[in-house]
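Engineer: Need the 3D shape of this:
(3 chains)
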Amino acid sequence: MKNDKSLIRKKLRSSFVKIFDKTLLDEIVEIGIYKSFEKEDLLIDIDDQMTHIPLIIDGVVKVIREDKNNDEILLYFLEKGDTCAISFINCINRSKSMFRAVIEKDTTCIMIPIDKIEDWIIKHKTWRHFIIDSYHKRLTEMVEAIDSLAFLKLDDRLYKYLSDKMKILHNQNLTITHQQIADDLNTSRVVVSRLLKSLEKIGKIELGRNKIKIAI
DNA sequence: ACATTAAGTGATT
DNA sequence: AATCACTTAATGT
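Structural biologist: Next up is the predicted model:
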């Protein structure tokens, strides 16, 4: 069950539709290790040495940047069909992770050892495209994160955060505390509580203990 | 019943 | 928008 090759093949097919050609798919199935993680698990931490790259089959991973004072800021989410593209470069030049990746929703993925990453870039055109495309996606999301930090006021950022989260979790009922939101946005809980209250007043959300329902 | 944790609020900077 | 200081409400033991 642990490393059922046909299972891996099936999962890869459904989550990475038509991305990998047959020979590459065969190699991934042969080499990849199937792994599951639970919410709050730490996939990779800042300054960790990368050994594997995750290809995400299912679930959600949040990617965070942290400064010296342990202040965090949410950068973006990874979901089905994604990979941590930034980590590729980290792998290739053997440097350490710049980010922390935490499981946001129970996740299954296929781990690829780093020595294969570079091989495949040379060997497989589809892999090459996958990497470049994934890098592009991450860069786009990063720019979006910068935009929202630089140009949006906190109330808009907060609402964007909630709707992004709703989208990626496919659930308009979020189970989250005001404190956790404050951590992700790097602000204080009191401020989050107040802004949420005002969002509730204008009918954009409904509040409950540990719960937020986003109106559609 | 009591302690703990989450959320609400006025006042101050 | 942040911080303080405090209250109220919900939940766990």
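Engineer: if I pick A:K5, what's in contact with it?
Structural biologist: A:29-30 (Cβ atoms under 8 Å, 6 or more residues apart in numbering). Where you see a C-beta, it was placed from the backbone N, CA and C, and this is true even at glycine.
Engineer: For A:I46, what are phi and psi?
Structural biologist: Main-chain torsions, A:I46, degrees, to the nearest 10: phi -60, psi 130.
Engineer: Chain A: helices as residue ranges?
Structural biologist: With DSSP state H as the criterion, chain A has helices at A:5-15, A:22-31, A:85-92, A:114-123, A:125-151, A:154-169, A:178-185, A:189-201.
Engineer: would you turn those into JSON lines with distance to DNA strand B?
Structural biologist: Converted to JSON lines, these look like this (distance: least, Cβ to the nearest atom of the strand, whole Å):
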{"stretch": "helix A:5-15", "distance to DNA strand B": "33"}
{"stretch": "helix A:22-31", "distance to DNA strand B": "40"}
{"stretch": "helix A:85-92", "distance to DNA strand B": "31"}
{"stretch": "helix A:114-123", "distance to DNA strand B": "37"}
{"stretch": "helix A:125-151", "distance to DNA strand B": "21"}
{"stretch": "helix A:154-169", "distance to DNA strand B": "13"}
{"stretch": "helix A:178-185", "distance to DNA strand B": "4"}
{"stretch": "helix A:189-201", "distance to DNA strand B": "4"}
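Engineer: got a markdown table for these, with distance to DNA strand C and mean pLDDT too?
Structural biologist: Below are the helices of chain A laid out as a markdown table (distance: least, Cβ to the nearest atom of the strand, whole Å; pLDDT from 0 to 100):
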| stretch | distance to DNA strand C | mean pLDDT |
| --- | --- | --- |
| helix A:5-15 | 34 | 85 |
| helix A:22-31 | 42 | 91 |
| helix A:85-92 | 26 | 72 |
| helix A:114-123 | 38 | 89 |
| helix A:125-151 | 11 | 93 |
| helix A:154-169 | 3 | 96 |
| helix A:178-185 | 8 | 96 |
| helix A:189-201 | 3 | 96 |
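Engineer: centroid residue for chain A?
Structural biologist: Residue closest to the average C-alpha location in chain A (Cα atoms, centre = their mean): A:L78, at 2.5 Å.
Engineer: how about the CA coordinates for stretch A:121-141, as CSV?
Structural biologist: The C-alpha coordinates for stretch A:121-141 follow below in CSV (Å, rounded to 0.1, in the frame of the first residue of the first chain):
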residue,chain,number,x,y,z
ILE,A,121,15.5,19.0,-16.8
ILE,A,122,18.1,17.9,-19.3
LYS,A,123,16.4,14.6,-20.3
HIS,A,124,12.7,15.5,-20.4
LYS,A,125,11.1,18.4,-22.3
THR,A,126,7.9,18.1,-20.4
TRP,A,127,9.7,18.3,-17.1
ARG,A,128,11.5,21.3,-18.3
HIS,A,129,8.3,23.0,-19.2
PHE,A,130,6.7,22.0,-16.0
ILE,A,131,9.5,23.6,-14.0
ILE,A,132,9.5,26.8,-16.0
ASP,A,133,5.7,27.1,-15.8
SER,A,134,5.6,26.4,-12.1
TYR,A,135,8.3,29.0,-11.6
HIS,A,136,6.3,31.5,-13.5
LYS,A,137,3.2,30.8,-11.5
ARG,A,138,5.0,31.3,-8.2
LEU,A,139,6.5,34.5,-9.4
THR,A,140,3.1,35.8,-10.4
GLU,A,141,1.7,34.9,-7.0
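Engineer: Thank you, goodbye.
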